[in-house]
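**Q** For reference, the sequence and a predicted model appear below.
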Amino acid sequence: MSIENLEALQKEAIEEVLEVYPAKAKKNRAKHLGVDAPEGVKGACDKTRSNKQTVPGVMSQRGCAYAGSKGVVWGPVKDMIHISHGPIGCGQYSRAGRRNYYIGTTGVDTFVTMNFSTDFTEKDIVFGGDKKLKKALEEIDDLFPLNNGITIQSECPIGLIGDDIQAVAKVHKKESDTPTIAVSCEGFRGVSQSLGHHLANDSIRDEIMPDTTARGDFKETDYDVAIIGDYNIGGDAWATRILLEEMGLRVVAQWSGDSTYKEMAITPKAKLNLLHCYRSMNYISRHMEQEFGIPWMEYNFFGPSNTNESIRKIASFFDESIQEKAEAVIAKYTKMTDEVIKKYKPKLEGKKVMLYVGGLRPRHVIGAYEDLGMEVIGTGYEFGHGDDYKRTKDEIKRSTLIYDDVNEYELENFIKKLQPDLVGAGVKEKYTFQKMGLPFRQMHSWDYSGPYHGYDAFAIFAKDMDLAINSPVWDHTKAPWDTKEEVGA
Amino acid sequence: MQDVENIVNGQKLFLKPEYQETLKNKKEFESAAGAVDPEKVKEVAEWTKTWDYREKNLAREAITVNPAKACQPLGAIMAGLGFEKTMPYVHGSHGCVAYFRSYFTRHFKEPTPCVSDSMSESAAVFGGLANMKDGLRNCNAMYKPEHISVSTTCMAEVIGDDLNAFITGAREDAEGELDDLPITYAHTPSFVGSHITGYDNMMKATLEQLNPTRAEKVVDEERINIIPGFEPYLGSLAEVKEISKMFSDKIIMIGDHEEQWNTGAGEYHLYAGGTKLEDAKTAINAATTISLQKYSTVQTAKTIKNKWKQGFETSNPIGLSGTDEFVMKLSELTGKEVPEELKVQRAQLVDAMQDSYPYMHGKKFAIYGDPDFLLGLVSFIVEMGGIPTHVVCHNAPRKGWEKDMQAILDKSDWSEDCNIWAGKDLWHLRSLMFTEPVDFLIGNVYGKELYRDTGTPLIRIGFPIFDRHHLHRYSISGYKGALNLLTWITNAVLDQLDEETKGIAETDYFFDSIR
């Protein structure tokens, strides 16, 4: 497909999907869709409308503020207990769904895959749930004495019935002398999970950052860094940590995959904050810069090209000894990643990929695909903001369809039109595309594989993409008696 | 470092010494007791296994830990998807819908169509009428449903949105686009009941709103409706339809979601199967409706019995006696003899039960799940001579269920050893399993943490099951379904026997090739 053809096809795809909408929705959705290319200015990456209300009545893939706070930011903090405060559903649907790996004795000193709920009944809605919450906090301390704090994650009704969870948390904190943090992350707030990230960041800023006691005896070194915005999905943060340690750095905290209260509390002593998921944790990074003077930098550990560049950039903040070690790390792993590319590139080169994910991945993973000779021709964010799209411009390598808050109808039609060889999105989308005979990888959960961060992880990424695209199962879709040209996509 | 000839993912990667080293390094900065004071972790872990802990745990009033239930709209969506070309539409926040769709999709490994009208702060202040007006129109334009099934999230319920008025308002403003489209609606507050309550409310509303009033009904004495309830086993739906067909062509399943979550490869269709809307609209004309889940249709039953003045029966075709009762009910209602085919199936099942009984006999089981599921499964365990030591029903209905369950347990020779735990969660069950251990646990995916902690083998039967594939395709209903239950449970017992006897030169004298 020539560049011109691809761009024309992408533009046509947008025109076609917009046809279905009533006038008001059409006008709205048109602003969220566009095409951009690495060269030129004022393409879709500059203009795409984002972080706005979802059009009602569509099958959006977006989540809510509670999902952003409990599910993403707070949930992985392993030695604290996170209460889903309100009706029973939210905690149940989000239980153990994100593969935030951690080491610990679940139910005793760590609690990530469990579900704590205040299980609201009608009585709690009518008379308020503060008393129940207070009792719940006390029961938790009785039954789970090794918890290092409790967070209260509000579900929709809390903010609507006038409960004062902040007051309840304050009293319990005083009585129990353990951190008790209330987050007003009701699902109806904001337009997506994004606001939940922000609210969770703010609650960490207000409740953990000022805790100087927790970092009182911390002995700092010149090489202390913190990993920010890595949720250790499938072990990503561990695969990152090992490289930073090999560079001679000391990783004092992980935010928030496999993290503990203390790690977060000592982070203000770090010399540099390394930010992977900009969207969900830029807030706290900016705060630590302002309040404690800690510089922060964004990095990208997907694929060897990005990882090499990021490692050099990280090293540039430190002295020559670190820079030398950084080069040694790159040299050490390059041999292996070259072999990975040699092994898989011939099987993957030229394959077209379309993505629809959240956070950082719609742009960050492009390089990993391109390292394997694969071509990303469409990407979009569930809950990105303008700054995410601007950053995307630097990552795209060819004419790319850009879609914000794309719904099931649009994505299905874009993919039918552009006919990629691989789709990377979430579980809700997975089976739709597989039924069309399209290889698919879940790019939120790494499809029960991973990690995908760092050099060792790139080998897994390559193997997984090969497995998806070159599996014999896709050849079986067409029955031997079927005389039609093409089945599905 | 990875060996390119043998690339491993996280499972084995993190076992490599260099990663073990990095994990060890991390502990220096942690506050988790496992890093700070590992002995304390062991001490507390042991304490959680004691009677002392159990008593404290069972006395909990405010915090629920590891529940075995979900909320109303989830059930409403399943009810909606039981009708042809129907789009479930959730009036409320879209985050909820993302959760419902993921939850079903992880269980069925199939797409789950459902939209929301994305209510947000402004809707919380002004109400969700504007969202409903735009939402219904957009949904209709994009997904071209022949029926929209509207339920609510707790947000819409707390602010008190009036679905009837909103839908009427939306129709008026839609410039005719929604004129001929049936839109049924039910209020499904998450803070009342559980997912089975939502199923019930949506089913009741759908039937009431699609059907004419009693004055207009034209009774068809031969027609029988069957409502399956919140049924996660698609094979069970197929099985029930197959049995029904042996008696009459006029037995119609109302709320048949089998095909929606079981479509083939080749092309993607948004809608598949479902009860014909024509059949749904004439449900009132049937002589009788049979509900296969008494406690998932408590409110629906009231409409059928009181408003429609129609015959209403309940029957739970799980296990041998449950299926017997169902078959005899169909025989009675249709006036037909039990067909030869079913007699053969029954005899084959009983034969198989008699082949395998030594392995389930006297074995202790802990089991949890939805109320009707438990009535069926526990009945089957009792029929096999197993002992349902702990029966946990987190969403146990207030009225009648415990009595029904006790009646089943009373048939067991060990009835005094059996305990019903209504309203208890899986952290309660953990204490029960440590203090009064059982041989096997039967339940959904959340049982795997209990398996890890107590070592009790988990037999996965229930909803949801995310970590094993294709079990939902099988039937647990009818004689053939009972045979599946028998197969799964017996073979789990045998797997465990092998596991316990595989010790070389120690226990493997009992590692028999023939069992």
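**A** Thanks, I have it. Numbering: from 1, shown residues only, chains lettered A, B, ... in the order given.
**Q** Could you use CA atoms for every contact and neighbour count after this?
**A** OK.
**Q** And the strands in the stretch 251-400 of chain A?
**A** A:272-275, A:296-298, A:352-355, A:375-381, A:400-404 (DSSP state E, counting those that start in this stretch).
**Q** Output the contacting helices and strands for the last one.
**A** The elements that strand A:400-404 packs onto, with contact taken as 3 or more Cα pairs under 8 Å, 6 or more residues apart in numbering or on different chains; DSSP states H and E, are helix A:3-18, strand A:33-36, strand A:375-381.
**Q** Quick one: work out the angle between the last one and helix A:3-18.
**A** If I follow you right, that is strand A:375-381. Here strand A:375-381 runs at an angle of 30 degrees relative to helix A:3-18 (axes from the mean of the first three to the mean of the last three Cα atoms, to 10 degrees).
**Q** Format the helices and strands packed on strand A:400-404 as CSV; extra columns: distance to chain B.
**A** Converted to CSV, these look like this (distance: least, Cα to the nearest Cα, whole Å):
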stretch, distance to chain B
helix A:3-18, 10
strand A:33-36, 17
strand A:375-381, 15
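**Q** Turn those into TSV, including mean pLDDT.
**A** Shown next, in TSV, are the helices and strands packed on strand A:400-404 (pLDDT from 0 to 100):
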stretch	mean pLDDT
helix A:3-18	93
strand A:33-36	97
strand A:375-381	98
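**Q** Buried deepest among those, which one?
**A** Mean neighbours per residue, mean count of other Cα atoms under 10 Å in any protein chain shown, is largest over the helices and strands packed on strand A:400-404 for strand A:375-381, with a mean of 26.
**Q** In chain A, where's the longest helix?
**A** helix A:320-348 (DSSP state H).
**Q** Quick check: residues of the stretch 151-300 of chain A near chain B?
**A** Within the stretch 151-300 of chain A, the positions adjacent to chain B are A:156-157, A:160-161, A:187-192, A:234-235, A:238-239, A:241-242, A:245, A:251-253, A:259-263 by Cα under 8 Å from any Cα of the partner chain.
**Q** rewinding a little: need the strands of the stretch 251-400 of chain A in TSV with distance to residue B:167, can you?
**A** Below are those laid out as TSV (distance: least, Cα to Cα, whole Å):
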stretch	distance to residue B:167
strand A:272-275	47
strand A:296-298	48
strand A:352-355	36
strand A:375-381	32
strand A:400-404	29
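**Q** Taking the stretch 201-350 of chain A, what residue is nearest to chain B?
**A** Ranked by Cα to the nearest Cα, the top residue of the stretch 201-350 of chain A for proximity to chain B is residue A:262, at 5.2 Å.
**Q** pLDDT value on that residue, please?
**A** For residue A:262, the pLDDT comes out at 98.
**Q** Tell me who's in contact with it.
**A** Contact analysis of residue A:262 by Cα atoms under 8 Å, 6 or more residues apart in numbering or on different chains lists A:214, A:215, B:29, B:30, B:31.
**Q** on that earlier part again, could the helices and strands packed on strand A:400-404 go into a markdown table alongside distance to residue B:308?
**A** A markdown table is the format used below for the helices and strands packed on strand A:400-404 (distance: least, Cα to Cα, whole Å):
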| stretch | distance to residue B:308 |
| --- | --- |
| helix A:3-18 | 45 |
| strand A:33-36 | 51 |
| strand A:375-381 | 50 |
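**Q** Of all the ones you listed, which one comes closest to residue B:6?
**A** Nearest to residue B:6 among the helices and strands packed on strand A:400-404 is strand A:375-381 (26.1 Å), distances taken as Cα to Cα.
**Q** which outside residues touch that closest one?
**A** Residues from elsewhere that reach strand A:375-381 (Cα under 8 Å, 6+ apart): A:350-359, A:362-363, A:366, A:369-370, A:396-406, A:420.
**Q** What segments of chain B are strands?
**A** Taking DSSP state E to define them, one finds strands in chain B at B:64-65, B:86-91, B:115-116, B:147-152, B:183-185, B:220-227, B:251-253, B:286-291, B:311-314, B:364-368, B:387-393, B:419-422, B:440-443, B:458-460.
**Q** Return the residues in contact with the most centrally placed residue in chain A.
**A** What sits nearest the mean C-alpha location of chain A, by Cα atoms, centre = their mean, is residue A:359, with 4.3 Å. Applying Cα under 8 Å, 6+ apart to residue A:359 gives the contacts A:277, A:278, A:279, A:280, A:381, A:382, A:383, A:384.
**Q** Report how many residues lie close to residue 448.
**A** In the absence of a named chain, this looks at chain A. 16 (other Cα atoms under 10 Å in any protein chain shown).
**Q** actually chain B
**A** Neighbourhood size, residue B:448 [other Cα under 10 Å]: 19.
**Q** Pull the contacting residues for it.
**A** Residue B:448 sits next to residue B:458 when contact means Cα under 8 Å, 6+ apart.
**Q** what does the stretch 101-250 of chain B have sitting close to chain A?
**A** In this structure, the stretch 101-250 of chain B approaches chain A at residues B:101-103, B:105-106, B:109-121, B:124, B:131-132, B:134-139, B:141-143, B:154-155, B:158-159, B:190-193, judged by Cα under 8 Å from any Cα.
**Q** Next one: the nearest residue to residue B:224 once chain neighbours are set aside from residue B:222, what distance?
**A** For residue B:224, ignoring the flanking residues on the chain, the nearest one in space by Cα to Cα, 6 or more residues apart in numbering or on different chains is residue B:251 at 4.7 Å. Residue B:251 sits 8 Å away from residue B:222, going by Cα to Cα, to the nearest Å.
**Q** try residue A:158
**A** Distance, residue A:158 to residue B:222, using Cα to Cα: 51 Å.
**Q** Does the residue lying closest to residue B:19 once chain neighbours are set aside lie in a helix or a strand, and which?
**A** Using Cα to Cα, 6+ apart and skipping the chain neighbours, the partner closest in space to residue B:19 is residue A:242 (6.9 Å). Under the criterion of DSSP states H and E, residue A:242 resides in helix A:236-246.
**Q** got the CA positions of that helix in PDB?
**A** The C-alpha trace of helix A:236-246 is given here as PDB (Å, rounded to 0.1, in the frame of the first residue of the first chain):
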ATOM      1  CA  ASP A 236       6.700  -4.900  33.700                       C
ATOM      2  CA  ALA A 237       8.200  -2.900  36.600                       C
ATOM      3  CA  TRP A 238      10.400  -5.800  37.700                       C
ATOM      4  CA  ALA A 239      11.700  -6.100  34.100                       C
ATOM      5  CA  THR A 240      12.400  -2.300  34.300                       C
ATOM      6  CA  ARG A 241      14.000  -2.400  37.700                       C
ATOM      7  CA  ILE A 242      16.600  -4.900  36.800                       C
ATOM      8  CA  LEU A 243      17.900  -2.700  34.000                       C
ATOM      9  CA  LEU A 244      18.100   0.400  36.200                       C
ATOM     10  CA  GLU A 245      20.000  -1.500  38.800                       C
ATOM     11  CA  GLU A 246      22.400  -2.800  36.200                       C
END
